[in-house]
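>>> attaching a predicted model along with its sequence, questions to come.
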Amino acid sequence: MTMLMRNTRIGVLAVAIAACGVPMGGGESGTGMTPKTTVGKITGFGSVFVNGVEYFTTKTNFTAEGLRTDESALRVGMVVTLHGGVDSTGKRGLASTISYADELEGVVTTVLNPVTNVLFVMGQELHVDKNTIFDANGSGITSIASMLADTVVEVSGYSAGDGKIYATRIEVKSPGYVSGQELELKGLIAALDTTAKSFRIGATAINYSAIAATPSMDFVPASDQFVKVKTTNYNSGTNTAIAKEITLQNGGKKAPLLNAGEVLELEGVVTTVLSGATSGAFGVNGQTVVVNDTGIFDSLLIAKLQTSAALGMALDVEGVVDALGHIVVTSMETETEQDTHYLGKVDAVQVTTNTFNVFGGTVVVDNNTSFTDESIAQVRGFNVSYMVAGDPIEVVGKYVYDPIKLTSNVVATAVKRLAVQPAPYQISGPVAAACPAGASPTAIIAGVVVDYTGVTVVVPLTCTTASAMFTQSAGNNIASGIQFQ
């Protein structure tokens, strides 16, 4: 895919729209546009990039948590609901509304071994991957490895409201919880006790006795209602909260409110498995997705969707909303697999082809690539056009090798310009067809040659991936440590 260069100057946005051939006017979606609702994470700015489409926002209404705001309130990694239209290329569009709502703002209670990529926030189970954006806000917390218990964070991501969240963005709000600080939790009501006036969201116990039948709770609670709970009285030791305010969300449904006949593209994770072999339904972010004929989709994908192995799998589905508010799916696609990680510096940049080089290898970016800038410049619309040789960089993506052309590259899902040069450099990814052997101890990891002469290492009989730490000398990558898996 070809990525349109992001223009950060708002004053020339109308010119950019015309130059890109995006028609103006025509109501909500624009003349010549196909109306569409999209749910997915923001990957970049200079317009707004969501689910691989560049949406222009000259007439867009923005909301955050139901309140009017503007584009400056949005950040890369936030999951938004966007109404608008897409042109015939499927890569450009106009947004009429963009709304953001977080999954929770709460206290980190448990940080598990970073290998598991799981932490708990107010009893909710957060799953983190290499694409999760961490906004440290000066705290120094840039990954799950540096996360500390008692940190207050705001989380955006994908969830069915059942206490499990697949985080796309984690923003540090304060380094420690202070008694009386307002926290916020969203989810489905479970274990409802109307006598004790309590229920649970995930593993967190909520007591609402102080606000029952008041303006702070103007509805009758029922099991499986999707609600937002605000509290200033949270006990991390017992994982209990005294509710200050409870509001019904989306009419009590976790899925967005949709109209029959509406076209919806939904990015997220599988939350329930496919119920039938030839037809049936499964869940994405708690939204019911109906499959009328499994035969028109990839057989391996359908087979996986019928098993528990699909739970948590990233998936992009598109279809038409039926009278029940379900998506009758017309297309579905798994997200790009991430098997490669670079931590190094930029060798060269090719703006016209949306590529750059790291460790001599080629990195390709597109509309689906998330861009963030942690350098002193803090460029909001950061992309390859802002890169220069020598920039410290982190890349996560998929290694692709073409055996016909004998070429390879990494298709990036996330690119981050760093504040300082990493030392040592790091790489992980697929290794060449066979494990390294012989007198010349070199390994090809994600297309990059690494020399591990003098490094003690056990090479297994079979291996598919490797990770290495190294420095560069005279154009060579000299490892100080390497591990094969």
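Perfect, thanks for sending it.
>>> direction included, what does the one helix or strand G344 maps to pair against?
G344 is part of strand 340-350 when elements are defined by DSSP states H and E. Within its sheet, strand 340-350 is paired with strand 355-358 (antiparallel), strand 392-402 (antiparallel), strand 425-430 (antiparallel), according to DSSP bridges.
>>> next one: the one helix or strand T81 maps to to chain centre, how far?
Element membership of T81, judged by DSSP H and E, is strand 79-86. From the chain centre to the centre of strand 79-86 is a distance of 16 Å (C-alpha atoms, centre = their mean, to the nearest Å).
>>> and stretch 188-204, which residues are buried?
188-190, 192, 197-202, 204 (16 or more other C-beta atoms under 10 Å). Placement of C-beta: from N, CA and C, glycine included.
>>> which helices and strands does the helix or strand that the strand holding T81 is followed by pack with?
Downstream of strand 79-86, the first helix or strand assigned by DSSP H and E is strand 92-100. Judged by 3 or more C-beta pairs under 8 Å, 6 or more residues apart in numbering; DSSP states H and E, the packing partners of strand 92-100 are strand 53-56, strand 61-64, strand 79-86.
>>> for strand 92-100, give the mean pLDDT please.
Averaged over strand 92-100, pLDDT sits at 96.
>>> this protein - how does it break down into domains?
10-100, 104-251, 263-334, 340-422, 428-484 (automatic domain parsing).
>>> surely A303 forms part of a strand?
No: going by DSSP: H, G, I helix; E, B strand; the rest coil, the assignment for A303 is helix, not a strand.
>>> ranges for the strands of the stretch 1-150 of the chain?
Assigned by DSSP state E, counting those that start in this stretch, the strands in the stretch 1-150 of the chain fall at 34-45, 48-50, 53-56, 61-64, 67-69, 79-86, 92-100, 104-111, 118-121, 124-127, 133-135.
>>> now do the contacts for A389.
For A389, the contact set (C-beta atoms under 8 Å, 6 or more residues apart in numbering) comprises 346-349.
>>> wasn't it part of a helix?
No: counting by three-state DSSP, one finds A389 to be coil, located in no helix.
>>> okay, it: pLDDT?
At A389, pLDDT is 96.
>>> same question for I165.
At I165, pLDDT is 95.
>>> what's the angle from the strand or helix carrying it to strand 79-86?
Using DSSP H and E, I165 sits within strand 164-174. If you take axes from the mean of the first three to the mean of the last three C-alpha atoms, to 10 degrees, strand 164-174 sits at 110 degrees to strand 79-86.
>>> and the contacts of strand 164-174?
41, 75-79, 103-105, 124-129, 131-137, 139, 141, 151-159, 181, 202, 268-269, 312, 314.
>>> what's the PyMOL line that selects buried ones from those residues?
Per 16+ other C-beta under 10 Å, the buried members of these correspond to this PyMOL selection:
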select buried, resi 41+75+76+77+78+79+103+104+105+124+125+126+127+128+129+131+132+133+134+135+139+141+151+152+153+154+155+156+157+158+159+202+268+269+314
